[in-house]
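>>> test case, fold it:
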Amino acid sequence: MLSLAMINSAYELNDFIPNIEMVLYRIFMSPITTKDLRKESDDLLEGNLFCRKGIDLPNEIYRSLLETMVLYPKKKHFKKLLEHIIRNKEKEDIDPEIYRFIVNLAIDHGYPILMG
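So this is what the prediction gives:
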């Protein structure tokens, strides 16, 4: 709920914290475990705060993360976000706009799309 509140209040928060969406993006993408611990695991989302806590993010959060990814594209971040969506969302619960963002990012940057 905190992450949703951050996005819903982004316009007001931007007066105090410029680029608040980037803060959420950094929180989502930055692992909370050491590199050595992540190397021992084959799990792409090892150390991800939201995955570790089993947090199901609303579509608005995924949209914000994808919008930020358009500005700061990284293949490994794209893969992490897709993996989180696959694990935590039912296909029918995903907003069609999310699918469009995913496809457009993949086409624009040559990322593979492997959604189950």
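
>>> for the most centrally placed residue in the chain, what are its contacts?
To find the centre residue of the chain, average its C-alpha atoms and take the closest one (CA atoms, centre = their mean): that gives residue 81, at 4.2 Å. When the contact criterion is CB atoms under 8 Å, 6 or more residues apart in numbering, the partners of residue 81 are 28, 62, 65-66, 69. (Each C-beta comes from the backbone N, C-alpha and C, glycine too.)

>>> quick check: phi and psi at it.
Reported as degrees, to the nearest 10, the phi and psi values for residue 81 are phi -70, psi -40.

>>> do you know how far it is from residue 18?
Note on residue 81: its distance to residue 18, by CB to CB, to the nearest Å, is 23 Å.

>>> and which of the contacts of residue 81 is nearest residue 100?
If you rank the contacts of residue 81 by distance to residue 100 using CB to CB, residue 66 comes first, at 9.3 Å.

>>> and for the nearest residue to the closest one once chain neighbours are set aside, the neighbour number?
Distances taken as CB to CB, 6 or more residues apart in numbering place residue 101 nearest to residue 66, at 4.0 Å, with adjacent residues excluded. Residue 101 is flanked by 19 other residues according to other CB atoms under 10 Å.

>>> hmm, residue 67 and residue 101 touching each other?
Yes. The criterion here is CB atoms under 8 Å, and residue 101 meets it with residue 67 at 7.3 Å.

>>> helix/strand/coil for residue 25?
In terms of secondary structure, residue 25 is helix; the call rests on DSSP: H, G, I helix; E, B strand; the rest coil.
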